[in-house]
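>>> I would like the atomic coordinates for the input below:
(one chain, ligands or ions: 1)
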Amino acid sequence: MISSKIKESLKNSSVIRKMFEEGNRLSKMFGPENVFDFSLGNPDMPPPQSIIDGIIQYAGQKGVHRYMPNAGFLDVRQMIAEKISSRGKTLSANNLIMTVGAAGGLNVCLKSLLDPDDEVIVLAPYFVEYNFYITNHGGIPVVVETEDDFSLDIEKIYGAITEKTKAIIINSPNNPTGIVYSKEALEELANALYERQNALQTDICILSDEPYQEIVYDVEVPNLLNIYDNTIIINSYSKSLSLPGARLGYIAVNPDITDVRDVINALILTNRILGFVNAPAIYQKALLGALDTTVDIKGYKKRRDALYDILIQAGFKTQKPQGAFYFFVECPIKDDKEFVAKAATHNLLFAPGSGFGRSGYFRICYCVSLNKINRSKDAFIELGKEYQLI
Ligand SMILES: Cc1ncc(COP(=O)(O)O)c(C=O)c1O
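Numbers count the residues shown, from 1 in each chain. A predicted model of the protein is given here:
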């Protein structure tokens with residue numbers, strides 16, 4: 001009955017589903033408090049009170065549930081544009097489109113940009129849904145490896161660009177590595193893209209997927225709008241306000257992008273024709289009183305520091321992430337799926353790196369309480385001993 005394309009996709013999406021099922025199975029056997037599920041990026045922190053107050057306030061407001069402009073409420077877009085403008089490039093409400101999360105925003109962008117067989121560069125390891133989003137709209141994902149420390153390999157990116165390259169997806173802070181690209185690295189990338197665009201007489205867009213932009217530790221995320229003209233930012237409140245179920249995000253278009261009016265009109269139209277129509281009304285309005293708040297970032301930092309100490313003590317090799325809530329850790333054996341299965345026997349659930357396009361690693365998500373992280377230490381130590389890491 002189902003299409004062959006979706007049949008294929010179902011096969012590829014089974015890794016995360018398996019981890020989910022494994023978590024449920026172990027929780028039933030040992031009790032949820034004894035299963036250390038680091039596999040899913042599902043924020044556990046409560047949303048700030050100001051957004052809850054806004055949701056309650058606006059739910060009863062007359063007119064708020066009606067159809068609205070497909071780009072979203074003007075007052076909300078205005079406030080977000082002001083906030084973004086405080087980081088450099090000046091944007092107006094017209095440069096903003098409210099979306100159904102970053103996932104909706106990315107689909108809207110790709111639908112607007114891609115002709116059949118256009119290529120989109122993704123940088124491994126990467127958020128695996130990108131493959132689905134790109135092929136949804138007839139595009140071809142072109143995977144380019146990052147360096148061993150997950151920084152940008154500009155030469156490889158340069159070499160992967162063809163006359164069919166329409167976009168490159170940048171994700172910083174990064175899922176799964178937690179890396180934040182420096183301003184210098186992004187400037188180098190911009191120079192390479194400008195050079196290739198000029199040589200090929202094409203436009204190459206940076207789609208900057210930034211749902212973790214506010215979740216950073218002692219660093220700032222450089223504003224790509226200040227660095228590269230053909231930039232579209234995709235952001236979301238799933239992580240910064242712990243609202244993944246609300247499905248709220250936005251697209252911000254650089255005013256200096258090629259054919260700016262056409263691009264914005266296309267994004268508004270595709271938001272409509274993909275069936276999103278507009279982002280959820282109450283959540284949009286609730287943002288008006290909550291734009292200067294975030295979840296407890298210091299709390300995430302404490303978790304990161306605690307987990308880092310545990311990982312090092314257990315003998316694992318990893319970088320200390322600068323943002324997001326993930327560690328991407330070297331597996332002690334080549335086969336990351338086998339390693340993840342072995343870790344599950346210690347009640348530790350991880351996602352294998354091959355699910356993110358880089359095998360030999362595993363991803364830890366710390367959407368898990370500090371108390372539980374501390375209680376997981378013995379299991380990590382046992383796992384480290386099993387592989388003679390300590
Ligand atoms: C890198 C990245 N992009 C996009 C998304 C989708 O986020 P949203 O919930 O805003 O659709 C996620 C969610 O985990 C993500 O990790």
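
>>> Wait, residue 19 touches residue 40, no?
Yes: using CB atoms under 8 Å, residue 19 is in contact with residue 40, at 7.3 Å. Using the backbone N, CA and C atoms, a C-beta is placed for each residue, glycine as well.

>>> of the two, who's got more company?
Remark: of residue 19 and residue 40, residue 19 carries more neighbours, 21 against 16, as counted by other CB atoms under 10 Å.

>>> List the residues that contact the more buried one.
Residue 19 is in contact with 39-40, 340, 349-351, counting by CB atoms under 8 Å, 6 or more residues apart in numbering.

>>> gap between it and residue 338?
14 Å (CB to CB, to the nearest Å).

>>> With secondary structure, pLDDT and distance to residue 109 as extra columns, can I get the contacts of residue 19 in a markdown table?
Formatted as a markdown table, the contacts of residue 19 follow (DSSP: H, G, I helix; E, B strand; the rest coil; pLDDT from 0 to 100; distance: CB to CB, whole Å):
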| residue | secondary structure | pLDDT | distance to residue 109 |
| --- | --- | --- | --- |
| 39 | coil | 92 | 28 |
| 40 | coil | 87 | 25 |
| 340 | helix | 95 | 32 |
| 349 | strand | 95 | 33 |
| 350 | coil | 95 | 31 |
| 351 | strand | 94 | 26 |
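
>>> Could you identify the most distant pair in the residues you listed?
40 and 340 (13.3 Å; CB to CB).

>>> who touches both of these two?
Shared contacts of residue 40 and residue 340, counting by CB under 8 Å, 6+ apart, come down to 19, 351.

>>> Contact residues of the chain facing the ligand?
For the chain, the residues in contact with the ligand (CB under 6 Å from any ligand atom) are 41, 101-103, 127, 171, 175, 209, 211, 236, 238, 244, 249.

>>> Helices - which of those residues land there?
Counted as lying in helices by DSSP state H, out of those, are 101-103.

>>> are any of the residues you listed buried, and which?
The neighbour-count test (16 or more other CB atoms under 10 Å) applied to these identifies 101-103 as buried.

>>> And the residues you listed, which is closest to residue 86?
residue 102 (21.2 Å).

>>> which residue sits closest to residue 143 in space, ignoring its chain neighbours?
Of all residues not flanking residue 143 in the chain, residue 124 sits nearest, at 5.1 Å (CB to CB, 6 or more residues apart in numbering).

>>> nope, residue 301 is what I was after
In space, residue 301 is closest to residue 217, 4.9 Å off (CB to CB, 6+ apart).

>>> do the same with residue 43
Distances taken as CB to CB, 6+ apart place residue 242 nearest to residue 43, at 4.3 Å, with adjacent residues excluded.

>>> which residues in the stretch 51-200 of the chain form helices?
For the stretch 51-200 of the chain, helices defined by DSSP state H, counting those that start in this stretch occupy the ranges 74-85, 101-113, 129-136, 154-160, 183-200.

>>> Mind putting these into CSV with mean pLDDT?
As requested, these are exported to CSV (pLDDT from 0 to 100):
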stretch, mean pLDDT
helix 74-85, 98
helix 101-113, 98
helix 129-136, 96
helix 154-160, 98
helix 183-200, 98
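
>>> which of the ones you listed is buried the deepest?
Each of those was scored by mean neighbour count; the highest is helix 101-113, a mean of 25, by mean count of other CB atoms under 10 Å.

>>> if I pick the residue in the stretch 201-350 of the chain that the ligand sits nearest to, what's in contact with it?
Of all residues in the stretch 201-350 of the chain, residue 236 sits closest to the ligand, at 3.0 Å by CB to the nearest ligand atom. Counting by CB under 8 Å, 6+ apart, residue 236 touches 99, 101-103, 105, 211, 248-250.

>>> Now do the same contact list for the nearest residue to it once chain neighbours are set aside.
Excluding its sequence neighbours, the residue lying closest to residue 236 (CB to CB, 6+ apart) is residue 249, at 3.3 Å. Applying CB under 8 Å, 6+ apart to residue 249 gives the contacts 98-105, 211, 234-238, 279.

>>> Please apply the same query to residue 271.
70-71, 97, 99, 104, 108, 277-278.

>>> ok, the residue nearest to residue 43 touching residue 45?
Yes: with contact defined as CB under 8 Å, residue 242 counts as touching residue 45 (5.0 Å).

>>> Would you map the strands across this structure?
Here the chain has its strands, by DSSP state E, at 36-37, 96-99, 119-124, 140-145, 165-171, 205-209, 231-236, 249-253, 326-330, 348-349, 351-352, 361-365.

>>> beta partners of residue 145?
residue 124 (DSSP bridges).

>>> So what's the residue count around it?
By the criterion of other CB under 10 Å, residue 145 has 15 neighbours.

>>> again, but for residue 373
Around residue 373 there are 22 other residues, counting by other CB under 10 Å.

>>> how about the nearest residue to it once chain neighbours are set aside, what does it touch?
Closest residue to residue 373 apart from its sequence neighbours, by CB to CB, 6+ apart: residue 306 at 5.1 Å. Applying CB under 8 Å, 6+ apart, we find residue 306 in contact with 370, 373-374.

>>> now, which of those residues sits nearest the ligand?
The ligand has its nearest neighbour among these in residue 373, at 19.9 Å by CB to the nearest ligand atom.

>>> Great, nothing more from me.
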